[in-house]
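this one's structure only:
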């Protein structure tokens, strides 16, 4: 009975979607042990009750336990899924509101940029704690990381620990489905190949029945209803030649071309502070999930999602191979990105585990966009692993969006204020 530890299981919907995905496989649904773990007792209770109702609805015989103790959850686990968000909505608001005082607007602020850097400073120590406990409690387990900022979390983990780790995102598979829609072809018939870094991964090849789809995409964006669905990403495609993996709201804050200009914020419908709105909606959603968990609402039917965690576990348990996109160490996988950074590439998975595939060299303009963020990531990771506060300032000074809007003096003042706001999470950097 494979044991799956879910750390940060208080993310009720996400945790239970992953659980529900696993129950859609007949060969697994009666043979799994789920260990739910969260530091918030109320959220953990709701997640456990919700999961039990899901088991009942699916007629599954798998087992569920819940604990607030990380070591207990990890004991003898085969797979560990990390979903933590350190600091929650309160810390996220500081990541938005303090930079905004200095004129720096953000949309999501959880992966790249100033918000991504400070989320990394809060999150990496927790990821490393999970890894170190895994070394003692389940040394052979696979750590599946969903927590952002993806690349910085993973880079720190494989530098500091021997734990087997892969980072998963849903941007590749969801974007691929969107591209098929834009090109007006059936998604199952589309073929694609992508590579890059998380949230800045590039669709290098797009085809349908052997025909390159990029000309059709460039033609499709002449239609207002297509262009309006993804304005920023289509602008990037127009000027750099390729479509990027993460949404327009994310992409807007990764480059210096859009947010510094108010007229472009309006023209391209860039949703400033979007993540704050989503987080507040999630708090309302938790109230509904509590009613479902308590039996006061019917539990909705579950349909398998685009997430990769369940296919990975199934492939490793059954030895039936599957291809996924994973975030892994760049061990000669992308030629023109720095060795050792975290890259996102196709990976084959079977009973042998995660096996990344060689992607070659990116078109030089795409590699240049990636390297701008990799340099920032490297400094943030070094700040944590080497406990050098100066590297935090260097990282923030080099962020493309911050540098396009603020002077060096303003950036340092902003960092000082963010440091003060997040002091409880940054004691290790003193």
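It's in. In this text the structure is predicted, and so the values were computed from the model without any measurement. Numbers count the residues shown, from 1 in each chain.

When you work out contacts or count neighbours from here on, use the C-alpha atoms and nothing else.
Noted.

Can you give the contact residues for the helix-or-strand element of the chain with minimal mean pLDDT?
Ranking every helix and strand in the chain by mean pLDDT, DSSP states H and E puts helix 274-293 at the bottom, with a mean of 90. If you take Cα atoms under 8 Å, 6 or more residues apart in numbering as the criterion, helix 274-293 is touched by 12-13, 46-47, 49-51, 53, 89, 92-93, 107-109, 249, 297-299.

redo that, cut-off 10 Å
Here helix 274-293 makes contact (Cα atoms under 10 Å, 6 or more residues apart in numbering) with 10-13, 42-43, 45-54, 88-90, 92-93, 96, 106-110, 249-250, 271, 294-300.

ok, then the element right after it?
helix 309-318 (DSSP states H and E).

For that following helix, give the mean pLDDT please.
What helix 309-318 shows for mean pLDDT is 98.

How about it, which residues are buried there?
Buried residues in helix 309-318, defined by neighbour count with 16 or more other Cα atoms under 10 Å: 309-317.

hmm, back to that, would you write out the PyMOL command that picks the buried residues out of the contacts of helix 274-293?
To isolate the buried members of the contacts of helix 274-293 in PyMOL, using 16+ other Cα under 10 Å:
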select buried, resi 10+11+12+13+43+45+46+47+48+49+50+51+52+53+54+89+92+93+96+106+107+108+109+110+249+250+271+294+299
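
So which of the contacts of helix 274-293 sit within strands?
Within those, no residue falls in strands by DSSP state E.

Quick check: residue 187 touching residue 209?
No - at 11.8 Å, residue 187 does not count as touching residue 209 under the criterion of Cα atoms under 10 Å.

higher neighbour count, the two?
residue 187 (15 against 9; other Cα atoms under 10 Å).

can you pull the contacts of the closest residue to the more buried one other than its chain neighbours?
In space, and not counting its chain neighbours, residue 187 is closest to residue 180: 5.2 Å by Cα to Cα, 6 or more residues apart in numbering. By Cα under 10 Å, 6+ apart, the contact set of residue 180 is 186-191, 206-208, 213, 217.

now, which of those residues sits nearest residue 135?
residue 191 (39.0 Å; Cα to Cα).

Specify the beta-bridge partners of the closest one.
Listed by DSSP bridges, the beta-bridge partners for residue 191 are residue 207.

OK, contacts around it?
With contact set as Cα under 10 Å, 6+ apart, residue 191 has these partners: 176, 180, 205-213.

One more: residue 411?
99, 102, 104, 114, 393-394, 396-399, 402-403, 405, 417.

Using PyMOL, define a selection of the buried residues within the residues you listed.
The PyMOL command for the buried members of those (criterion: 16+ other Cα under 10 Å) is given here:
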select buried, resi 99+104+114+393+394+396+397+398+399+402+403+405
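
where in the stretch 151-300 of the chain is pLDDT low?
Scanning the stretch 151-300 of the chain for pLDDT under 70 picks out no residues.

Where do the helices of it begin and end?
Taking DSSP state H, counting those that start in this stretch, the helices of the stretch 151-300 of the chain run over residues 171-182, 214-220, 224-227, 231-240, 248-252, 262-267, 274-293.

now those helices as CSV including distance to residue 331?
Formatted as CSV, these follow (distance: least, Cα to Cα, whole Å):
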stretch, distance to residue 331
helix 171-182, 21
helix 214-220, 30
helix 224-227, 37
helix 231-240, 26
helix 248-252, 26
helix 262-267, 38
helix 274-293, 33
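
okay, these, which one's buried deepest?
helix 248-252 (a mean of 23; mean count of other Cα atoms under 10 Å).

what residues does that helix touch?
Outside helix 248-252, the residues touching it (Cα under 10 Å, 6+ apart) are 106-112, 199-200, 229-236, 244-245, 254, 258-259, 265, 268-275, 401.

if you set the cut-off to 7 Å instead, what comes out?
107-108, 230-233, 258-259, 270-271 (Cα atoms under 7 Å, 6 or more residues apart in numbering).

Give me the subset of the contacts of residue 411 that lies in helices.
Counting by DSSP state H, the contacts of residue 411 place 99, 114, 393-394, 396-398, 402-403, 405, 417 in helices.

for these, which one is nearest residue 59?
Ranked by distance to residue 59 (Cα to Cα), these are led by residue 114 at 45.8 Å.

can you pull the contacts of that closest one?
Applying Cα under 7 Å, 6+ apart to residue 114 gives the contacts residue 396.

Also the one 10 residues further on?
For residue 124, the contacting residues are 153, 156, taking Cα under 7 Å, 6+ apart as the criterion.

Average pLDDT for whatever helix or strand it lives in, rounded please.
Assigned by DSSP H and E, residue 124 belongs to helix 113-137. Taken as a whole, helix 113-137 has a mean pLDDT of 98.

what about the helices in the stretch 1-150 of the chain?
Using DSSP H, counting those that start in this stretch, helices in the stretch 1-150 of the chain cover 12-23, 41-58, 70-74, 88-101, 113-137, 150-160.

Residue 359: which of those helices is closest?
helix 150-160 (17.5 Å).

For the closest one, list every residue counted as buried.
Buried, per 16+ other Cα under 10 Å, within helix 150-160: 150-158.

Need those in TSV (columns: distance to residue 286).
Below are these laid out as TSV (distance: Cα to Cα, whole Å):
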residue	distance to residue 286
150	24
151	28
152	28
153	26
154	28
155	32
156	31
157	30
158	33
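
Quick check: the two most widely separated of the residues you listed?
150 and 158, at 12.4 Å, using Cα to Cα across these.

Which phi and psi values does the residue sitting furthest away from the middle of the chain adopt?
Ranked by distance from the centre of the chain (Cα atoms, centre = their mean), the top residue is residue 296, with 32.2 Å. Here is the backbone geometry of residue 296 (degrees, to the nearest 10): phi -90, psi -10.
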